[in-house]
Each structure stands twice: as C-alpha cells, then as structure tokens.
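A.B. asks: Sequence plus predicted model, see below.
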Amino acid sequence: MIAPLTTNTQAILLLTAPLIAGRNESSADLLTLTEYNRLARILREKQKQPADLIGPDAGETIRVCAGAFGGGRLESLLGRGFLLSQAVDRWNARAIWVVSRADATYPPRLKTRLKEDAPPVLYGCGDAGLLDSGGLAVVGSRHVDDELISYTENVGKLAAQAGRTLISGGAKGIDRAAMHGALQAGGAVAGVMADSLEQGALARDNREPLMDHKLVLISAYDPAAGFNVGHAMQRNKVIYALADAALVVTSDFEKGGTWAGAIEQLEKLHFVPVFARDGANAGKGSAALLQHGALPWPNPHDFDELSQALAKAVEDRAAEPKQEPLALLLREQSTSYKSATTTEPPPAPPPKVEPDAHQPRVAPAQALFNSVREILAHELAKPRSEAEVAELLKVSKPQAKAWLAKLVMDGELEKVAKPLRYRVAGTPGRLL
C-alpha cells in the first residue's frame, strides 16, 4: 500500500517535476533546484509552506512569491493538477512512492548532509527504512572485466555478512555487481538510480528482494526519465550522503562520474572516509584518488576484517580536528590573501598526478572563491558582519563585501538586517 502524497509534496511536484506520464518531454518552465530553494526561503520568511501554494489562500501566497518568479509562471506550473493525477496513478501501479523535503519521512541523512543540495523530491520503491541505516557505498566504472565483477560481488557479499547495507548507483558494471553480491548473500541494498526507476521497480530480479524488504531503489528524477549525464553526476553526492564509508573499486583518470563524485567527496563534501583499491592492477584513476586523500582498501578476507577496517576509518575521521579557515586557505595556496602577519610559508601541497593537458583547469581566482564558499558555508551558520567576515578570512573589507554579494546573488547566503549581517541561506528554519 503506497501512502498518499502529502499536500506539500503535491505542490513541490507541480513546481519541479516533469510529470512525464502523458507526454514525452518535460516542461522547460520547471523550477530548478536553485530556484526552488529561493522559493522555499521566501515561504519560510512568510511562515508559509509549499502546501499554501495550492490551498484555499493560494492566490495570496502566489502573489507573495511572484516578484521572484512571476505569478504567471508559478500559476502555470501549479495548474498541472490533471497531469499530476495521471503520473500518480502510473507510480501507484508500479508501487513507487514519493516523498519531498517538506515531509518528515524524507531521509534525514540527506537533509543533514546535503542541506539545500538535497533533492526536493525523491521517488522510490521498496523499504524506505533502509535509507536510514548507513552502510558501505561501492562505486566504480561501467565497463570492467569479469575478474573485477567477481571481486566486487565478493565485496558486496562481505558487506552483507557484516550486516552493512550496501549502497550503490544501480548502473551496469561495478554498481550492479556490488548490489548483486550483497543481495545473493541475504544483505540489504539501497540503489540510488539516475534514470529508469520504473524499469528497476518492475525488473524480475528485483521483485523478491523488494518484497522481502532487502532492497530499496530511489531516484531524484522522474521514474520514467531516461539516461542523462548530468543526472548521473548529481546522484553521486546522494550515494555518499547515505553511507558511513565508501569504496571506489575502479575509476577512469580525471573523467567520468565515478572520478567526479570521488573527488567532490575527497576535496569538498567530506561526508565519509573514501577507500580506493591499491596495487599494480588498481589502475591510474585509483592511484590518483589515493594521492588525493583516499585510503588504500585493505582487501579484507572476511566480514570481520571488513567491519574492523570500516570502523577504524570512521573512528579516525571523527577524531580529525576541524581545519581552521586560514589553514584551509593556505592549503589551497591562496597566497594572495594570506594574513600580513603570517611569516611561515604555507605547507607543501600533496604530490599530484600530472593532469591531462587537454583537461580544463580551474582558474586561480575561481579556486580561491570556491575555498571561500566552503569556509563560509560552515562559519556563517550564525550571522556575521562584513567586518567579521573580513577578519575571519584575513582579507580587506571590500574584498569580503564583494564575495558576500556574489554568494547572496547565488542564493547561498542571505542578509539579516539591523545591523546588516550575513548567514547561510535558510538558517535557522526547517528545510522545505
């Protein structure tokens, strides 16, 4: 029995979902994640919620939001009720449930770790409770040989025997091998799909584990949507956010979704410890990930060794001291803005694999701004003035003001008046 959609979820679907049932193409007017987050902040400020956009006083709520989006656009999206009913009938027939960020049943790990990057809507099939259990994420390339498939299936088997939920992306190759190994051993599996959730929900091999509460399949994208490279890239952060630790079995070097997801985790998100296979046969991509900070995978022989390795990695990570903002800037070699009182040279950067000359490089100014964005995302949970931010970053007040203005424009920070201060957008308050 599929629980009926909450009114909040209905509104969010109308605003952000393509509702593919009944037509082949999605609307070009759908709110993007950035736009939806902006709308959610407006609603919170007015002590409203998405349900108020389709409730008895919807007209007034829409008018409140019209300045940012245009009333006509919102009204057009919210008027797709018949198309939504068609889509819901289709999802119910396939045992697909839907939750939104405004629902209490939305996976708490995603809200806590991804915050406004958490998908506004999640579609799923199977036991949603498996999404709260943590576990081992296993990811890797699509095109691999039989030997590596067998190796990965054994990892899935060990995870199952250790009582760890196996989390992966559902793609062919490494993802499916890990999931298959875990399911064959009676373990629990969470598959985070970038496309074709409908097909996964109806696949013969998935029926029994879905019914036995051993498998849950989720997607941030319409269940009927086909493959999209951008979607495949974005779902990586969801995989890592649901896990306690992760293993990259194999990766291309400086290209592909596996590489991008692992690098994002190692250098920006830092949700979980990331392992990579080591050794002569691991490949160039794995070797590069180790140089970027991944841990060498210990190749456990049994589930007890696997449990010990994961527990130690998680414990060591929890014991790591939080890096101070200035130290982070120095690590990123942002020497143009270091404190005038600093006399010691910045620490030497870790050795890096020489990048491909054809790969685009991040400009120094953008790299510095990315560092600032990451720092302020942590440090502005409480409002700070321009002067306080300038002191925090050890830069001039005009430079701090320019960065703050850019982050406000991007919707990542918001202003707090009287006196003027800045804080992370949407805090405090419930994420919608």
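C.D. replies: Right, received. Where do you want to start? Numbering: from 1, shown residues only.
A.B. asks: Mind pulling the model confidence for residue 56?
C.D. replies: Note on residue 56: pLDDT of 89.
A.B. asks: Residue 153 is in contact with residue 177, correct?
C.D. replies: Yes - with contact defined as CB atoms under 8 Å, residue 177 counts as touching residue 153 (5.0 Å). All C-beta atoms are positioned from the backbone trio N, CA, C, and that covers glycine.
A.B. asks: Those two: who's more crowded?
C.D. replies: residue 177 (25 against 20; other CB atoms under 10 Å).
A.B. asks: tell me the pLDDT at that one?
C.D. replies: On the pLDDT scale, residue 177 gets 97.
A.B. asks: For it, grab phi and psi.
C.D. replies: With angles defined as degrees, to the nearest 10, residue 177 sits at phi -60, psi -40.
A.B. asks: And stretch 292-309, what's buried?
C.D. replies: By 16 or more other CB atoms under 10 Å, the buried positions in stretch 292-309 come out as 292-295, 297, 300, 303, 306-307, 309.
A.B. asks: Help me confirm that residue 219 comes into contact with residue 194.
C.D. replies: Yes - using CB under 8 Å, residue 219 is in contact with residue 194, at 6.9 Å.
A.B. asks: overlap in contacts of these two?
C.D. replies: residue 235 (CB atoms under 8 Å, 6 or more residues apart in numbering).
A.B. asks: And the buried residues of stretch 292-309, which is closest to residue 369?
C.D. replies: residue 292 (20.6 Å; CB to CB).
A.B. asks: so that closest one touches residue 265, yeah?
C.D. replies: No - counting by CB under 8 Å, residue 292 stays clear of residue 265, with 9.8 Å between them.
A.B. asks: got a list of what residue 421 touches?
C.D. replies: Contact analysis of residue 421 by CB under 8 Å, 6+ apart lists 383-385, 388, 415.
A.B. asks: Show the backbone phi and psi for it.
C.D. replies: According to degrees, to the nearest 10, residue 421 has phi -140, psi 170.
A.B. asks: cool, and residue 4?
C.D. replies: For residue 4, the backbone dihedrals are phi -60, psi 150 (criterion: degrees, to the nearest 10).
A.B. asks: So that it lines up with my notes, have the first residue be 19 from now on.
C.D. replies: Okay, using 19 as the starting number, the last item reads as residue 22.
A.B. asks: now residue 280: how far from residue 161?
C.D. replies: Distance of residue 280 to residue 161, given as CB to CB, to the nearest Å: 17 Å.
A.B. asks: which of these two has more neighbours?
C.D. replies: Under the neighbour definition other CB under 10 Å, residue 280 and residue 161 were set side by side, and residue 280 has more, 27 against 10.
A.B. asks: how about the nearest residue to that one, chain neighbours excluded?
C.D. replies: Nearest residue to residue 280, sequence neighbours excluded (CB to CB, 6 or more residues apart in numbering): residue 266, at 5.1 Å.
A.B. asks: Identify the bridge partners of that neighbour.
C.D. replies: residue 157, residue 294 (DSSP bridges).
A.B. asks: What's the local residue count around it?
C.D. replies: With other CB under 10 Å as criterion, residue 266 counts 28.
A.B. asks: which ones are touching it?
C.D. replies: Residues counted as contacts of residue 266 (CB under 8 Å, 6+ apart) are 157-158, 276, 280, 292-295, 304, 307, 312.
A.B. asks: now residue 418
C.D. replies: 404-405, 407-408, 411.
A.B. asks: With respect to residue 179, which of these is nearest?
C.D. replies: The closest of these, once distances to residue 179 are taken by CB to CB, is residue 411, at 48.3 Å.
A.B. asks: now could you export just the CA positions of stretch 221-233 as PDB?
C.D. replies: C-alpha atoms of stretch 221-233 as PDB (Å, rounded to 0.1, in the frame of the first residue of the first chain):
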ATOM      1  CA  ALA A 221      12.600  -5.900 -13.100                       C
ATOM      2  CA  ARG A 222      12.100  -9.600 -12.400                       C
ATOM      3  CA  ASP A 223      15.400  -9.900 -10.400                       C
ATOM      4  CA  ASN A 224      14.300  -7.100  -8.000                       C
ATOM      5  CA  ARG A 225      10.900  -8.400  -7.200                       C
ATOM      6  CA  GLU A 226      11.800 -10.800  -4.400                       C
ATOM      7  CA  PRO A 227      14.300  -8.500  -2.600                       C
ATOM      8  CA  LEU A 228      11.800  -5.600  -2.800                       C
ATOM      9  CA  MET A 229       9.000  -7.700  -1.300                       C
ATOM     10  CA  ASP A 230      11.400  -9.100   1.400                       C
ATOM     11  CA  HIS A 231      12.400  -5.600   2.500                       C
ATOM     12  CA  LYS A 232      16.000  -6.200   1.400                       C
ATOM     13  CA  LEU A 233      16.100  -3.700  -1.400                       C
END
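A.B. asks: Mind listing residues that contact that stretch?
C.D. replies: With CB under 8 Å, 6+ apart as the test, stretch 221-233 has contacts from 113, 143-145, 147-148, 201, 204-209, 218-219, 234-235.
A.B. asks: what's the helix or strand for the residue positioned nearest the centre of the chain?
C.D. replies: The geometric centre of the chain, computed from its C-alpha atoms, lies nearest to residue 255 (CA atoms, centre = their mean), at 3.1 Å. Assigned by DSSP states H and E, residue 255 belongs to helix 247-260.
A.B. asks: in that helix, what counts as buried?
C.D. replies: 249-250, 252-260.
A.B. asks: Tell me the one among those residues nearest to residue 421.
C.D. replies: Distances from residue 421 to the buried residues of helix 247-260, taken by CB to CB, are shortest for residue 255, at 23.8 Å.
A.B. asks: list the contacts for the closest one?
C.D. replies: 132, 135, 279, 282-283, 287.
A.B. asks: Could you measure from it over to residue 417?
C.D. replies: From residue 255 across to residue 417, the span is 30 Å (CB to CB).
A.B. asks: same check, this time on residue 313
C.D. replies: For residue 313, the distance to residue 417 (CB to CB) stands at 37 Å.
A.B. asks: So residue 330: helix, strand or coil?
C.D. replies: Secondary structure assignment for residue 330 (DSSP: H, G, I helix; E, B strand; the rest coil): helix.
A.B. asks: Now do the same for it: its pLDDT.
C.D. replies: Note on residue 330: pLDDT of 94.
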